[in-house]
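In: the sequence isn't on hand, but the structure is:
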């Protein structure tokens with residue numbers, strides 16, 4: 001990749017100042033990594049926290065920081081909060097020993113005439129609102 005000579009000389013020149021964002025990112029990244037482990041080297045509850053709780057923690061420690069900045073830095077550092085999901089619900093328990101209804105159709109779902117065979121299906125589908 002070609003770089004203009006003027007750009008290279010400007011980068012190489014003494015007295016070149018580091019960008020303010022680079023400095024603030026380094027301070028915040030250090031604070032994020034420090035919040036991840038305790039002095040004894042064990043994981044802390046903050047290490048399991050996501051962007052919202054990390055932002056609140058940094059603000060409590062006196063750092064003025066935005067959500068988007070913490071989000072970007074955590075992504076760059078490979079940090080993420082713990083994702084806790086719900087266990088899937090089933091219609092019956094695996095330990096349920098009750099007798100189940102027999103298969104009266106022997107899996108033959110064809111009917112000799114209309115309204116002779118009725119079939120029901122109990123399916124539970126998880127939606128954002130609730131189980132349906």
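Out: Now that the structure is in, tell me what you want to look at. Computed from a predicted structure; not experimentally measured.

In: and the spatially most central residue of the chain, helix, strand or coil?
Out: Residue closest to the average C-alpha location in the chain (CA atoms, centre = their mean): residue 83, at 5.1 Å. What DSSP: H, G, I helix; E, B strand; the rest coil gives for residue 83 is coil.

In: need the contact list for it.
Out: Contacts for residue 83 were tallied using CB atoms under 8 Å, 6 or more residues apart in numbering; there are none. For the C-beta atoms, the positions are set from N, CA and C on the backbone; glycine is no exception.

In: for the chain, give me the ranges with low pLDDT.
Out: Applying pLDDT under 70 to the chain picks out residues 37-47, 88-98, 121-123, 125, 132.

In: how about the helices in it?
Out: 5-12, 20-36, 51-60, 67-77 (DSSP state H).

In: nearest to residue 112 among these would be which one?
Out: helix 51-60 (61.8 Å; CB to CB).

In: tell me the buried residues in that closest one?
Out: Across helix 51-60, burial judged by 16 or more other CB atoms under 10 Å covers 51, 54, 55, 57, 58.

In: kindly reformat the residues you listed as JSON lines containing distance to residue 31.
Out: Shown next, in JSON lines, are the buried residues of helix 51-60 (distance: CB to CB, whole Å):
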{"residue": "51", "distance to residue 31": "14"}
{"residue": "54", "distance to residue 31": "9"}
{"residue": "55", "distance to residue 31": "11"}
{"residue": "57", "distance to residue 31": "9"}
{"residue": "58", "distance to residue 31": "6"}
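
In: nearest to residue 124, out of the helices of the chain?
Out: The nearest among the helices of the chain, by CB to CB, is helix 51-60 at 31.1 Å.

In: could you name the helices and strands sitting against that closest one?
Out: helix 20-36, helix 67-77 (3 or more CB pairs under 8 Å, 6 or more residues apart in numbering; DSSP states H and E).

In: what angle do it and helix 67-77 make?
Out: Relative orientation of helix 51-60 versus helix 67-77 (axes from the mean of the first three to the mean of the last three CA atoms, to 10 degrees): 110 degrees.

In: residues contacting helix 51-60, please?
Out: Contacts with helix 51-60, where a contact means CB under 8 Å, 6+ apart, come from 28, 31-32, 35, 46, 49, 65-67, 70-71, 74, 81.
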